[in-house]
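Undergrad: return a 3D structure for these sequence lines:
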Amino acid sequence: MSNISLSHTSVSLTPHLRFPHAHRKYPMSIIRHLKRRRFTSIAAALRQDTTVWTPAPLSSVHPAADSLFHVTIDVSDSPDILSSHSSAGQYLQLRLPDFAKPSFLAIASPPSLAAARGEFEFLVKSVPGSTAELLCGLKKGDVVELTPAMGRGFDIDRISPPEDYHTVLIFATGSGISPIRSLIESGFSADKRSDVRLYYGARNLQRMAYQDRFKDWESTGVKIVPVLSQPDNSWTGETGYVQAAFARAKKIYSPQSTGAVLCGQGQMTEEVTSILVTDGVSSEKILKNF
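TA: Numbering: from 1, shown residues only. This is a model prediction of the structure:
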C-alpha cells in the first residue's frame with residue numbers, strides 16, 4: 001500500500017504556486033472551484049490510503065459457465081475478514097499484489113460457509129483487461145489481497161415476517177446471481193411464503209451459472225424461472241429479457257404483501273422497479289445490495 005506524503009499535497013500560501021495562472025485575474029468562482037477540487041482530491045487520496053488490505057491465498061479457481069469462474073479464497077487466517085461477512089449481499093474489494101487497481105466483488109457464499117470452512121466463494125466474470133480477468137487466470141495457492149466485507153447486504157427484515165410478505169420476487173442477470181445465491185443459501189423463510197420466484201437472465205444456458213444448484217434452491221421453496229435472451233432452437237422456456245418475462249407473467253396478487261430482491265444489469269433493475277412500483281409494491285420493499 002502506497003503512502004501519501006503530505007509534502008506533495010500541501011497547499012502553498014503563494015498564489016502562483018497554487019494556481020499556475022493566477023495572474024490572469026480569474027473570477028473568484030473559478031478559483032473557489034479549483035480550491036475545492038484540489039482539497040477534494042487530497043481528501044480522497046488520504047481516504048484511499050487508509051484502506052486495509054489483507055493477503056489471502058486462493059483455494060480454487062475453475063469455470064462456472066462461459067466467461068464466468070468459481071473463485072474460492074481461504075480467509076481462515078484472517079479473523080477480521082471472516083467476521084466482517086454477516087449478511088447475504090455484502091461485497092468487498094480485491095486486488096492483485098502487482099496490479100493495484102481493485103475490483104468490487106459480491107460474496108457468493110452464505111456467511112455460514114465462512115464460519116464453517118474459513119472460505120469466501122465468488123462468481124467472477126472475466127472482463128478483458130481487468131483485475132477480474134487476471135484473477136480468473138490464477139491458480140490454487142496464489143495470493144490476492146482483500147478488504148473486509150462492505151455494505152449492509154440485503155435487508156431481509158424489511159420483507160419479514162414471512163406470513164406478512166407471502167410473495168417475494170427475485171431478479172438477477174449474469175454474474176448478478178452471485179449475491180442472490182448467498183441470499184437463497186442463507187435462508188429467508190422461502191418455504192413459509194406462498195410465492196417465491198427467481199427470474200434469472202443470461203444469454204444462453206452456456207452462460208448461466210449455478211444450474212447444478214437449481215434443484216436444491218427449489219427444495220427450499222424458490223421457483224426458478226430461467227430467461228434466455230439468445231437461446232438455441234431447442235429452448236422452450238422464457239425468452240428475451242428478465243423484465244419482459246416478468247411483465248408477461250406478473251401475477252402480483254397482493255402488492256401490500258409483496259417484496260422483491262434485485263441484482264444485475266442496470267436497465268433491468270430500473271425497469272423491474274418501475275413495473276413493481278406501478279403495480280403498487282412499496283419501493284421500501286424492493287431490496288438491492290448497493
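Undergrad: so what's the residue count around Leu82?
TA: The burial count assigned to Leu82 is 18, neighbours taken as other Cβ atoms under 10 Å. To be clear about C-beta, it is placed using only N, CA and C from the backbone, and glycine gets the same treatment.
Undergrad: ugh, typo on my part, it should be Thr236
TA: 7.
Undergrad: doesn't it belong to a helix?
TA: No - with DSSP: H, G, I helix; E, B strand; the rest coil as the criterion, Thr236 is coil rather than part of a helix.
Undergrad: phi, psi for it please.
TA: Dihedral pair for Thr236: phi -120, psi 0, per degrees, to the nearest 10.
Undergrad: ok, it to Thr147 distance?
TA: For Thr236, the distance to Thr147 (Cβ to Cβ, to the nearest Å) stands at 44 Å.
Undergrad: check Lys250 too.
TA: On the measure of Cβ to Cβ, Lys250 and Thr147 end up 40 Å apart.
Undergrad: ok, now Leu169?
TA: For Leu169 relative to Thr147 (Cβ to Cβ), the value is 31 Å.
Undergrad: neighbour count winner among those two?
TA: Remark: of Leu169 and Thr147, Leu169 carries more neighbours, 25 against 18, as counted by other Cβ under 10 Å.
Undergrad: residues in contact with that one?
TA: Leu169 sits next to Val196, Arg197, Tyr199, Phe246, Ile252, Thr258, Gly259, Ala260, Val261, Leu276 when contact means Cβ atoms under 8 Å, 6 or more residues apart in numbering.
Undergrad: quick one, what contacts the residue nearest the centre of the chain?
TA: Nearest residue to the geometric centre of the chain (Cα atoms, centre = their mean): Ala106, 4.0 Å. By Cβ under 8 Å, 6+ apart, Ala106 lies in contact with Gly89, Gln90, Tyr91, Phe122, Leu123, Ser175, Gly176, Ser178, Pro179, Ser182, Cys263, Asn289.
Undergrad: and the fifth one, that's in a helix?
TA: No - residue state for Leu123 (three-state DSSP) corresponds to strand; a helix is not indicated.
Undergrad: if I look at it, how far off is Ile73?
TA: Counting by Cβ to Cβ - Leu123 and Ile73 are separated by 13 Å.
Undergrad: on that earlier part again, and which of the contacts of Ala106 is nearest Pro79?
TA: Nearest to Pro79 out of the contacts of Ala106 is Gln90 (Cβ to Cβ; 16.6 Å).
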